[in-house]
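K.L.:
the following block contains a protein sequence and its predicted model.
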Amino acid sequence: MDFTFSIYKKLLIIFREVNYDINGVFNNNKSANKSLILRHDVDRFPKQTLQMARLEYKMGVSSTYYFRIVKSVFKDNILKEIVDLGHEIGYHYEDLALSNGNFDKAIVLFENNLNKVRKYYPVKTICMHGSPLSPWDNKKIWEKYDYKKFGIIIDTSLDINYDEVYYLTDNGFGWNRTNTSIRDKVKSRYTYYIKNTEHLISILYENKLPDKIMINAHPDTFFDPGIKWLLNFSFIKSKNTVKWIVIKSGIIK
């Protein structure tokens, strides 16, 4: 059974065993020879997010949690506790999609929403939400505006060289499944086939991966074994089918 909290914990332990320094995006230790940037896009299930944050805290791990602004995700008590656990908070922006492609409306919304997140943490990094069923690619807003004018130093889509940092995402209940990922992918020279998390662990042991890695582990992917895990697995598989159809249709690029 993959994508449980126990196998996630095992994965982090293995990264440490093979001498990766684990850190969040803003707190990245650039001097480390081997570095894992640990990132979490909080799309759904804030309670799952808190469970992951507590697990990492117990392991002495800090990471970055990118929160959407929607009411079902943006929960005051959960943001406060995650900050208290020593993690970084970023803004998982989707303002262009929320504004139906109106750039002028979107930038006003971005600033307002960023300020809401900054009530809990001095946000310095942002990450676009893929909005897979929207025709609007949220990062396109920066073709007209400049996020650095808002005190942002890193957009994870635009400011990281993925020819130097290997990007791994669990989108679609698998590692780097581009056939079911509409926008959660990057241009990179790295191409590794990873069957599952145990396979990922085995190639880490064999020292086959680059020294610089970013993992995007969505908290809503991970559950303890049981009915909730099964329901979530079924939901993601159904969602993958829809995304595969959308990709094949060419409607969204």
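P.N.:
On my side now, so go ahead. Numbering: from 1, shown residues only.
K.L.:
what's the closest non-adjacent residue to residue 89?
P.N.:
What sits nearest to residue 89 in space, not counting adjacent residues and going by Cβ to Cβ, 6 or more residues apart in numbering, is residue 121, at 3.7 Å. The way it works is simple: take the backbone N, C-alpha and C, and place the C-beta from them, glycine included.
K.L.:
so which strand or helix has residue 82?
P.N.:
Using DSSP states H and E, residue 82 falls within helix 76-84.
K.L.:
got the angle for the next helix or strand after that helix vs helix 76-84?
P.N.:
The helix or strand immediately downstream of helix 76-84 is strand 88-93, counting by DSSP H and E. Calculated by axes from the mean of the first three to the mean of the last three Cα atoms, to 10 degrees, strand 88-93 forms an angle of 130 degrees with helix 76-84.
K.L.:
which SSE is immediately downstream of strand 88-93?
P.N.:
helix 95-98.
K.L.:
for that following helix, packing partners?
P.N.:
helix 103-117 (3 or more Cβ pairs under 8 Å, 6 or more residues apart in numbering; DSSP states H and E).
K.L.:
which parts of the stretch 151-253 of the chain are helices?
P.N.:
Counting by DSSP state H, counting those that start in this stretch, the segments of the stretch 151-253 of the chain that form helices are 197-205, 227-249.
K.L.:
what comes up buried for the shortest one?
P.N.:
The one in question is helix 197-205. The neighbour-count check on helix 197-205 (16 or more other Cβ atoms under 10 Å) flags 197, 200, 201, 204 as buried.
K.L.:
residue 235: which of these is nearest?
P.N.:
residue 197 (19.2 Å; Cβ to Cβ).
K.L.:
for the closest one, give me its contacts.
P.N.:
Shown in contact with residue 197 (Cβ atoms under 8 Å, 6 or more residues apart in numbering): 2, 3, 7, 8, 10, 11, 175.
K.L.:
at 10 Å instead, please
P.N.:
Residue 197 makes contact with 2, 3, 4, 7, 8, 10, 11, 14, 170, 174, 175 under the criterion Cβ atoms under 10 Å, 6 or more residues apart in numbering.
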